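A.B. asks: missing the sequence, but the structure's below:
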């Protein structure tokens, strides 16, 4: 019955279970978790030992999948994980496919199936407040060592090849505890970005620490993690650069995109997860919103976590951190010294030639726009502009004139000045 109801809310499953108990006359003899374990193993509770491992946000679904596969193979008896609560399942989306995984239950495997000895595997909630789960392996006292070996074997698989999140692009959330969800990241080619060659050269040097030079760095004891800080005004391509690097490495590496909220609440937990995700790229967007300056706005705790994960006593291997900020002066000086960031790359406004090239690429999708004098248009900007500004200029021209985008139309649009949002002035409540 649990499989047919696996997609239903827990309240529905409990209601159906209660009705079944009434109809079958089983309400008075509901099995408790302790009774299920001792009965399955054929010993008293005094002769039962338990090996336990706390699961993380990435290892929990992997462990659940391992148990689900074994259950499908051996069709074992299933019991409650806690008290007499019925077993529960939940739906998980992987590669567009919805799969059903156990959430809280106990399973008895006879010796020779999941393990050489009789065991009860149990998934259960360890902490309701922190949304933490644990895997328990129950055995007879005489089989304690084999139980611990099975637990270690299962966790090794969950932290390695069976981890769903390895090689994926993940979005980190914190509501309030850490969550990871698989997201699509369209691959972008670096040739689509108009940037100085030295920007890519510096990035490639740091990327080598987790790719082509990783073995050498590890052999020499020089560490395989790097931190890169991208600075520059809004719209110059910092986020685009991060995503290009992520797109080039995803598959061979896991990518975790961290927004300001998740970064300020769960930064240490995010870096702890990298231990089970293989080579990892961590993208910290708007770093100034995450850590700020010591003593400003109550950000001391996120700053302390940041300093710990990038230069603390606990080392994280094969992790490339790419952070970005519009305002490097707002960052605490402790966050920007070389031990935390190995490279600080400034991406400035493009010069006139680069602005013309950006405009040319944007105009390629507009019929007839190939006749536009891109250099004349680029020279007409009175101040330095970003690629985002150039794009907005073209968007306004299309909104006002359709596809009749000419040199004169663009020059008038620039002169009009509405392509750049006016700064708010005055006082507001």
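C.D. replies: Thanks, I have the structure now. This is a predicted model, so every value here is computed, not measured. Residues are numbered from 1 along each chain as shown.

A.B. asks: could I get the buried residue list for stretch 156-168?
C.D. replies: 157-159, 162-168 (16 or more other Cβ atoms under 10 Å). Every C-beta, even on glycine, is put in place using the N, C-alpha and C of the backbone.

A.B. asks: actually stretch 282-289, not the one I wrote
C.D. replies: For stretch 282-289, a neighbour-count test (16+ other Cβ under 10 Å) marks 282-289 as buried.

A.B. asks: residues in contact with stretch 256-271?
C.D. replies: With Cβ atoms under 8 Å, 6 or more residues apart in numbering as the test, stretch 256-271 has contacts from 57, 169-174, 176-178, 180, 183, 185, 246, 273-274, 277, 280-287, 289-291, 299, 302, 305-306, 308-309, 316, 319.

A.B. asks: buried among these? Need that as a selection in PyMOL.
C.D. replies: Buried members of the contacts of stretch 256-271, defined by 16+ other Cβ under 10 Å, are picked up in PyMOL with:
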select buried, resi 57+169+170+171+172+173+174+178+180+246+273+274+277+280+281+282+283+284+285+286+287+289+290+291+299+302+305+306+309+316+319
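
A.B. asks: out of the contacts of stretch 256-271, which are inside helices?
C.D. replies: Among those, the members falling in helices (DSSP state H) are 246, 273, 287, 289-290, 302, 305-306, 308-309.

A.B. asks: how about those residues in JSON lines, adding distance to residue 372?
C.D. replies: JSON lines is the format used below for these (distance: Cβ to Cβ, whole Å):
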{"residue": "246", "distance to residue 372": "33"}
{"residue": "273", "distance to residue 372": "48"}
{"residue": "287", "distance to residue 372": "37"}
{"residue": "289", "distance to residue 372": "38"}
{"residue": "290", "distance to residue 372": "41"}
{"residue": "302", "distance to residue 372": "46"}
{"residue": "305", "distance to residue 372": "49"}
{"residue": "306", "distance to residue 372": "45"}
{"residue": "308", "distance to residue 372": "52"}
{"residue": "309", "distance to residue 372": "48"}
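
A.B. asks: which pair of those spans the longest distance?
C.D. replies: Greatest spacing in the ones in helices among the contacts of stretch 256-271, by Cβ to Cβ: 246 and 308 (23.9 Å).

A.B. asks: output the contacting helices and strands for the longest strand anywhere in the chain.
C.D. replies: Ranked by residue count and defined by DSSP state E, the top strand of the chain is strand 97-109. Here strand 97-109 is seen to pack against helix 33-41, helix 59-74, strand 78-79, strand 88-94, strand 119-127 when contacts are counted using 3 or more Cβ pairs under 8 Å, 6 or more residues apart in numbering; DSSP states H and E.

A.B. asks: lowest average confidence across the ones you listed, which one?
C.D. replies: The stretch with the lowest average pLDDT out of those is strand 88-94, scoring a mean of 89.

A.B. asks: from the chain's centroid, how far away is that strand?
C.D. replies: Taking Cα atoms, centre = their mean, to the nearest Å, one finds the center of strand 88-94 at 18 Å from the center of the full chain.

A.B. asks: what does stretch 212-219 give?
C.D. replies: Here the centre of stretch 212-219 is set off from its chain's centre by 25 Å, with Cα atoms, centre = their mean.

A.B. asks: list of residues touching that stretch?
C.D. replies: Outside stretch 212-219, the residues touching it (Cβ under 8 Å, 6+ apart) are 208-209, 223-224, 279, 317-318.

A.B. asks: could you pull out the strands for the protein?
C.D. replies: 48-55, 78-79, 88-94, 97-109, 119-127, 132-140, 169-174, 178-182, 226-231, 254-258, 280-284, 319-325, 343-346.

A.B. asks: packing partners of the first one?
C.D. replies: Translated: strand 48-55. Packing partners of strand 48-55 (3+ Cβ pairs under 8 Å, 6+ apart): helix 33-41, strand 132-140, helix 144-158.

A.B. asks: between these, which gets nearest to residue 99?
C.D. replies: helix 144-158 (15.7 Å).

A.B. asks: any low-confidence regions in the protein?
C.D. replies: For the chain, applying pLDDT under 70 flags the ranges 1-30, 128-129, 292-299, 312-313, 337-339, 422-429.

A.B. asks: domain ranges for it?
C.D. replies: Here the domain parsing of the chain from automatic domain parsing is 10-158, 169-346, 352-416.

A.B. asks: so what's the closest residue to residue 113 other than its chain neighbours up against?
C.D. replies: Closest residue in space to residue 113, ignoring its immediate chain neighbours: residue 74 at 4.3 Å, by Cβ to Cβ, 6 or more residues apart in numbering. Contact analysis of residue 74 by Cβ under 8 Å, 6+ apart lists 109-110, 113-114.

A.B. asks: with residue 99 instead?
C.D. replies: With Cβ under 8 Å, 6+ apart, residue 99 has these contacts: 65, 91-93.

A.B. asks: try it again at 10 Å.
C.D. replies: 6, 61, 64-65, 68, 90-93, 164 (Cβ atoms under 10 Å, 6 or more residues apart in numbering).

A.B. asks: how many other residues sit next to the closest residue to residue 343 other than its chain neighbours?
C.D. replies: Leaving aside its sequence neighbours, residue 343 sits nearest to residue 228 (Cβ to Cβ, 6+ apart; 4.9 Å). By other Cβ atoms under 10 Å, the residues close to residue 228 number 22.

A.B. asks: could you check how far residue 228 is from residue 134?
C.D. replies: Distance of residue 228 to residue 134, computed by Cβ to Cβ, to the nearest Å: 36 Å.

A.B. asks: ok, now which ones touch residue 182?
C.D. replies: Per Cβ under 10 Å, 6+ apart, neighbours of residue 182: 92-96, 164-165, 168-171.

A.B. asks: should've said residue 234
C.D. replies: Neighbours of residue 234 in contact, by Cβ under 10 Å, 6+ apart: 326-327, 386, 388-389.

A.B. asks: and with 7 Å instead?
C.D. replies: 326, 386 (Cβ atoms under 7 Å, 6 or more residues apart in numbering).

A.B. asks: phi and psi next, for it.
C.D. replies: phi -60, psi 140 (degrees, to the nearest 10).

A.B. asks: of all the helices and strands packed on strand 97-109, which one is nearest residue 138?
C.D. replies: The minimum distance between residue 138 and the helices and strands packed on strand 97-109 falls on strand 119-127, with 4.1 Å, by Cβ to Cβ.

A.B. asks: so how far is residue 244 from the nearest residue to residue 247 once chain neighbours are set aside?
C.D. replies: Counting by Cβ to Cβ, 6+ apart, residue 247 lies nearest to residue 187, which is 4.2 Å off, once chain neighbours are set aside. When distance is defined by Cβ to Cβ, residue 187 is 9 Å away from residue 244.

A.B. asks: who has more neighbours, the two?
C.D. replies: Counted by other Cβ under 10 Å, residue 187 and residue 244 do not tie: residue 244 has more neighbours, with 21 against 11.
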